[in-house]
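In: Need a 3D model of the following:
(one chain, ligands or ions: 2)
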Amino acid sequence: MLVRMTDIMSKEKKWAVPALNVENMEMVQGVIEAAEALRAPVIIQTTPGALRHAPPAVFAGMVSALAKTASVPVALHLDHGDTLECVYAALEAGYTSVMYDGSKLPFEENVRTTKYAVSMAGGVPVEGEIGAVGGKEDDSEARPKLTDPEQAAEFARRTGVNALAVAIGTSHGVYTASPKLDAKRLSTIAGMVDVPLVLHGSSGLTDNQTRSCISRGMRKVNVATELRVAFTEAVRLSLAEHERTYDPKIYLRDGREAVKAVTDKWIRVCRAKGKA
Ligand code: G3H
Ligand code: ZN
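Out: Ligands and ions are numbered 1, 2, ... in the order given. The predicted model follows:
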């Protein structure tokens, strides 16, 4: 069933909902198949880059059609919406939650614009970001800036967001060295902010690193790079193996299986198995 992220995620729960980035139908299928097999709720999300590849109505159509026949809750979320236009387009298309990412803006401007996004969403849950996770997401690269706990509390209170992305040392993309996570900062933020916290840049973290973040208050765990890498590598291998095939279903099926395996891993790491 298609749900809102706030139906499946809360600060009180001691586990996190995996939020998986998709780029095409086979990735959506892979995520939902893994969620059904493990009886887990999941969030499926797309970046503005994915929405330049295919409009939000296409993703909304695919996800809602597949979610409606699924026996587990599935939410459809806009990830890192970088303009109000992009947020509006996702809402119009039927996304069940959105992120407005004003993390590159000065504090007051981020507050003002995020607050506007919350009012525009008219009750549809909104995720904001304070501090900056940094690294490579879509076509842009940003420098990380750790979240200040006082600012996080003020930002959540003044904007009315339903979930908050905070920077505690992770970054987007492929890690070249193991990231140093600021656990103490995360615990302080979790103690001061009333809404669920969101972990970005999860690809490449060890299971222990992710679980320690969850135990300290992260309630949504965003994964993109691992899924993109797994899908692409599986397709590459499949094409090499079936070099005479002209049937896209053959290699896309292998991509779908790879996404299913990565989703399976993240559902277990988040302890979301059996929570549907
Ligand atoms: O918003 C998406 C995530 O933060 C994904 O980060 O590509 O490092 O897994 P990742
Ligand atoms: Zn992110």
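
In: any residues touching the helix or strand hosting V229, and which ones?
Out: In the assignment (DSSP states H and E), V229 maps to helix 225-241. For helix 225-241, the external contacting residues (CB atoms under 8 Å, 6 or more residues apart in numbering) are 20-23, 26-27, 30, 172-174, 203-204, 245, 250-252, 254-255, 257-259, 261-263, 266. The C-beta positions use only the backbone N, C-alpha and C, and glycine is treated the same way.

In: you'd agree G134 is up against H172?
Out: Yes. Counting by CB atoms under 8 Å, G134 does reach H172; the two are 7.0 Å apart.

In: Can you pull the residues that touch both of those two?
Out: Residues touching both G134 and H172 (CB under 8 Å, 6+ apart): G201.

In: Give me the buried subset of the contacts of helix 225-241.
Out: Neighbour counting over these (16 or more other CB atoms under 10 Å) leaves 20-23, 26-27, 30, 172-173, 203-204, 251-252, 254-255, 257-259, 262-263, 266 as the buried ones.

In: Can you flag which of those belong to strands?
Out: Among the buried ones among the contacts of helix 225-241, DSSP state E puts L20, N21 in strands.

In: Which members of the buried ones among the contacts of helix 225-241 additionally contact ligand 1?
Out: Filtering those for proximity to ligand 1 (criterion: CB under 6 Å from any ligand atom) leaves N21, H172, G173, S203.

In: pull the longest helix from the chain.
Out: In the chain, with assignment by DSSP state H, the single longest helix is helix 248-269.

In: Which strands or helices does that helix pack on?
Out: Helices and strands touching helix 248-269, by 3 or more CB pairs under 8 Å, 6 or more residues apart in numbering; DSSP states H and E, are strand 17-21, helix 25-38, helix 207-215, strand 218-223, helix 225-241.

In: hmm, who's touching that helix?
Out: With CB under 8 Å, 6+ apart as the test, helix 248-269 has contacts from 18, 20, 22, 24, 26-27, 29-31, 33-35, 37-38, 40, 42, 202, 207, 210-211, 221, 223, 226-227, 230-235, 237-239, 242, 245, 273.

In: So what touches stretch 151-164?
Out: Contacts of stretch 151-164 (CB under 8 Å, 6+ apart): 5-6, 9, 97, 107, 110-111, 114-115, 118, 125-131, 166, 189, 192-198, 219-220.

In: Flag every buried residue along it.
Out: Residues Q151, A152, A153, E154, F155, A156, T159, V161, N162, A163, L164 are the ones in stretch 151-164 that count as buried (16+ other CB under 10 Å).

In: Spell out the secondary structure type for the fifth one.
Out: On the three-state scheme (DSSP: H, G, I helix; E, B strand; the rest coil), F155 is labelled helix.

In: just the last one next, same as before
Out: Three-state secondary structure (criterion: three-state DSSP) places L164 in strand.

In: Keep the buried residues of stretch 151-164, but drop any that are not near ligand 2.
Out: Among the buried residues of stretch 151-164, no residue sits close to ligand 2 (CB under 5 Å from the ion).

In: which residues touch the residue of the stretch 151-276 of the chain found nearest ligand 2?
Out: For the stretch 151-276 of the chain, the residue closest to ligand 2 is H200, as judged by CB to the ion, at 3.3 Å. Listed by CB under 8 Å, 6+ apart, the contact partners of H200 are E129, V133, A165, A167, T170, H172, N222.

In: what about the last one, neighbour count?
Out: N222 sits with 29 neighbouring residues when counted by other CB atoms under 10 Å.

In: contacting residues for it?
Out: Residues in contact with N222, defined by CB under 8 Å, 6+ apart, are A19, N21, Q45, D79, A165, V198, L199, H200, G201, S202.

In: any idea what sits nearest the residue of the stretch 51-200 of the chain found nearest ligand 1, other than its immediate chain neighbours?
Out: Using CB to the nearest ligand atom, the closest approach of the stretch 51-200 of the chain to ligand 1 is made by H200 at 3.2 Å. Spatial nearest neighbour of H200, excluding adjacent residues (CB to CB, 6 or more residues apart in numbering): V133 at 4.3 Å.

In: Understood, closing this out.
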